[in-house]
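Trainee: heads up, no residue letters with this:
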């Protein structure tokens, strides 16, 4: 996100069950644990911006999340600096998963000093699937370069970008190692682990 000029939030693509849109991992004394926002299940595929939080079925999900974070990170070096934001986020009433996620994304961007424009894909009116959708979004924004995650390599059609005159750059992300709460470094946790343990500093 820091490397880009404009960051597109893909809010009108299909919601992926067992993905990271409504869950993430944190570290506890017992090991890695998932925090999952419960969602209302429908008998049809849903776009991400249509997904509703299951507040009636699981009314205590937010308090459980907050208490789990508090129990496992209250002794972290930067707990007091960032915890008020998350406590407030979990006290609010959220209906749509997208609204909750965007609140967290904007707050975390602020903590990491990332000041980039966010564009909701639903606002672009771009059509297509997979590679064609990305190309259409680039054209809508007048972009000449697409910065793609490494996980896209398996399904993205690089030749199509060449044909459209759009430069395709894959991120070469190397996960940083930083001091954590417990022995033995664990990679690919939620950014909250990084914030509470390091304050967002580089290591």
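Mentor: That came through fine. This one's a predicted model, so the numbers in the text were calculated from it and none came from an experiment.
Trainee: Identify all contacting residues around the helix or strand encompassing residue 86.
Mentor: Assigned by DSSP states H and E, residue 86 belongs to helix 79-91. The set of residues external to helix 79-91 that reach it, using Cβ atoms under 8 Å, 6 or more residues apart in numbering, is 62-63, 65-66, 69-70, 73-74, 100, 103-104, 107, 111, 192, 195-196, 199. For glycine as for every other residue, the C-beta is placed from the backbone atoms N, C-alpha and C.
Trainee: Show me just the buried residues among those.
Mentor: Using 16 or more other Cβ atoms under 10 Å as the burial test, the contacts of helix 79-91 include 62, 65-66, 69, 73, 100, 104, 111, 192, 195-196 as buried.
Trainee: Now do the end-to-end distance for stretch 113-120.
Mentor: Distance between the two ends of stretch 113-120: 20 Å, counting by Cα to Cα, to the nearest Å.
Trainee: Return the set of buried residues in that stretch.
Mentor: Judged by neighbour count (16+ other Cβ under 10 Å), stretch 113-120 contains these buried residues: 114, 119.
Trainee: try stretch 51-61
Mentor: For stretch 51-61, by 16+ other Cβ under 10 Å, it's 51-53, 61.
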